[in-house]
Structures are given as structure tokens and as C-alpha cells.
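> no sequence for this one, just the structure:
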């Protein structure tokens with residue numbers, strides 16, 4: 001369980017919630033957290049896909065956010081981001097298909113690597129360029 005920055009002595013005693021309760025952020029701050037997580041995922045790999053953005057039509061909840069991605073091959077996917085990881089939930093933007101039983105991936109890199117050979121190539125090239133730059137820095 002994640003540590004909290006909340007001091008239990010600061011809480012009124014009559015809340016009925018324990019210090020590490022999942023309800024401690026009941027004002028809705030966790031909803032923003034999953035959206036922030038989704039934004040971070042997008043910012044991390046946007047350079048290696050044609051288009052990627054957090055869905056504005058599908059609802060973000062405390063435990064889920066949706067990300068639309070278009071690969072360089074022009075395939076569109078809607079991804080679900082949860083604590084379990086990322087998975088494809090539809091083959092179009094802003095959709096979910098309950099019949100799809102796609103596996104969860106721990107990282108966006110793993111998921112995109114399985115969907116898009118062009119992503120793999122662009123990401124690999126970016127990694128090589130970064131390594132070359134580091135190598136030059138260490139030699140100077």
C-alpha cells in the first residue's frame with residue numbers, strides 16, 4: 001500500500017475512516033491522479049506514434065483513464081489505464097468493447113511494442129541516439 005502524506009492526528013476523530021483508507025481523498029483528488037498518470041504516459045511516447053491523447057469523452061474515474069493512440073501504421077486504439085496496467089479496449093478512438101479480452105501490459109512501451117513495428121523502430125532509434133550522445137559526453 002502506498003504511503004500517505006497525511007498525518008492521522010490532523011484528521012477529526014469522528015470521520016470513521018482509517019488513516020490508510022481508500023476513501024481518504026473523497027473530495028475527488030484521485031480522479032485527477034489517474035488522468036495525470038495518463039498524461040504522463042502520453043508525454044512519454046508521443047514522439048514515437050502518429051497521435052496520442054487522453055480521451056475527453058470517456059469518463060476518467062479514480063481507478064481508470066482512457067488513452068487514444070494512433071500508431072504510425074495508422075491503426076487506432078483506445079487504451080484503458082488502470083492499476084493493473086494498460087490494455088486495448090477498442091480498435092477506434094473513444095470506444096470500449098466489453099467483448100475484447102486483451103492482455104494487460106505493465107508499461108506503455110510493452111503495449112506499443114506489441115502493436116506497432118514502426119513504434120519499435122522509432123523508439124529504438126531514439127534510444128540509440130541517446131546512448132551515442134551519452135557516450136560522446138563521457139569521452140569529452
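That came through fine. This one's a predicted model, so the numbers in the text were calculated from it and none came from an experiment.

> can you give me the helices for the chain?
Per DSSP state H, the chain carries helices over the ranges 29-45, 108-115, 117-139.

> relative to helix 29-45, how tilted is the shortest one?
I take that to be helix 108-115. Counting by axes from the mean of the first three to the mean of the last three CA atoms, to 10 degrees, helix 108-115 lies at 60 degrees to helix 29-45.

> tell me the mean pLDDT over helix 108-115?
Averaged over helix 108-115, pLDDT sits at 96.

> tilt between that helix and helix 117-139?
Using the same axes, to 10 degrees: helix 108-115 against helix 117-139 is 130 degrees.

> pick the most deeply packed of the helices of the chain.
Counting by mean count of other CB atoms under 10 Å, helix 108-115 has the highest mean neighbour count of the helices of the chain, with a mean of 19. (C-beta placed from N, C-alpha, C; glycine too.)

> contacts for it, please.
41, 44-45, 48-49, 69, 71, 75, 77, 79, 85-88, 105, 119-120, 123 (CB atoms under 8 Å, 6 or more residues apart in numbering).

> same question for stretch 73-86.
34, 37-38, 41, 50, 55, 58, 63-71, 87-96, 104-108, 111, 115-118.

> 7 Å instead, please
Applying CB atoms under 7 Å, 6 or more residues apart in numbering, the external contacts of stretch 73-86 come out as 34, 37-38, 41, 50, 55, 63-70, 87-96, 104-106, 108, 111, 115-116, 118.

> okay, and which of the residues you listed map to strands?
Among the contacts of stretch 73-86, the members found in strands (DSSP state E) are 65-70, 87-90.
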